[in-house]
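K.L.:
need a 3D model of the sequence below.
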Amino acid sequence: MEIPLQITFHNLPWSEAVEVSIRGHAAKFDRYHQHIMSCRVMVEVQHKHHHHGNHYHVRIEVKVPGAVLVASREPGTHHRYTDMNVAIRDAFDAMRRQLEGHLRKEGSHAQRHQVHEGAPHGRIVEIYPRVGYGRIKATDGRLVYFHRDSLIDAEFDQLEVGAEVRFSEATGEHGPQASSVHLPEKRSIVA
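P.N.:
This is a model prediction of the structure:
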């Protein structure tokens, strides 16, 4: 992210636990879009109902090249958003879907071309479906961890050991980690 995450609280005091939760969710955005310019999150208490508790509104604004994406979770008439953590989770889930949709809509042809042509590549050598991760053996012999959430345009359950992949690499807690994993595009051959 080019500009640090901005978090604003309205009608409620600052909370370290809420800020840590928001920062954790926002840190995952780089998995879904590599060019996030800024992210602003606003959490507020909209209504004070004595019988039903506070209703939380969470709004996330993410700026990417060519667009500003906004996800908002309004309390409405149901009581789902009387739990701040649920409102935060749902808003971040909505923004993740928007980021993925934006990449698809943009076609990301240039990005995909760059990732497919210039990125490291290798073959899947381990898959652990129950826990949702696997390992790639890069062409230089290194093992690179990947999580099911790092797959782009593919389903984790359809992966097979031996499948060729291209990936973007980052350093994780336990060494090399693929931040995005792409299966090569299948090309039709006309006879």
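
K.L.:
helices of this structure, start to end?
P.N.:
Secondary structure of the chain by DSSP state H: the helices cover 16-27, 29-32, 84-106, 109-118.

K.L.:
tell me how far the closest residue to His25 other than its chain neighbours lies from Ala26.
P.N.:
Distance criterion CB to CB, 6 or more residues apart in numbering; nearest residue to His25, sequence neighbours excluded, is Phe92 at 4.1 Å. Where you see a C-beta, it was placed from the backbone N, CA and C, and this is true even at glycine. Phe92 sits 8 Å away from Ala26 when distances are taken as CB to CB, to the nearest Å.

K.L.:
cool, Pro176 as well?
P.N.:
For Pro176, the distance to Ala26 equals 23 Å [CB to CB].

K.L.:
was I right to think Leu103 contacts Gln34?
P.N.:
No - Leu103 is beyond contact range of Gln34, at 9.1 Å (criterion: CB atoms under 8 Å).

K.L.:
in terms of neighbours, single out the busier of the two.
P.N.:
Leu103 (19 against 16; other CB atoms under 10 Å).

K.L.:
ok, the closest residue to Asn11 other than its chain neighbours - contacts?
P.N.:
Nearest residue to Asn11, sequence neighbours excluded (CB to CB, 6+ apart): Val45, at 4.4 Å. With contacts defined as CB atoms under 8 Å, 6 or more residues apart in numbering, the neighbours of Val45 are 10-12, 54-57.

K.L.:
next one: Leu69
P.N.:
The contact partners of Leu69, taken as CB under 8 Å, 6+ apart, are 61-63, 95, 98-99, 102.

K.L.:
quick one: pLDDT of Ala119?
P.N.:
We note a pLDDT of 68 for Ala119 in this prediction.

K.L.:
next one: Gly134
P.N.:
Value listed for Gly134 in the pLDDT field: 90.

K.L.:
what's around it, how many residues?
P.N.:
Residues near Gly134, counting by other CB under 10 Å: 25.

K.L.:
cool, Leu12 as well?
P.N.:
Leu12: 13 neighbours (other CB under 10 Å).
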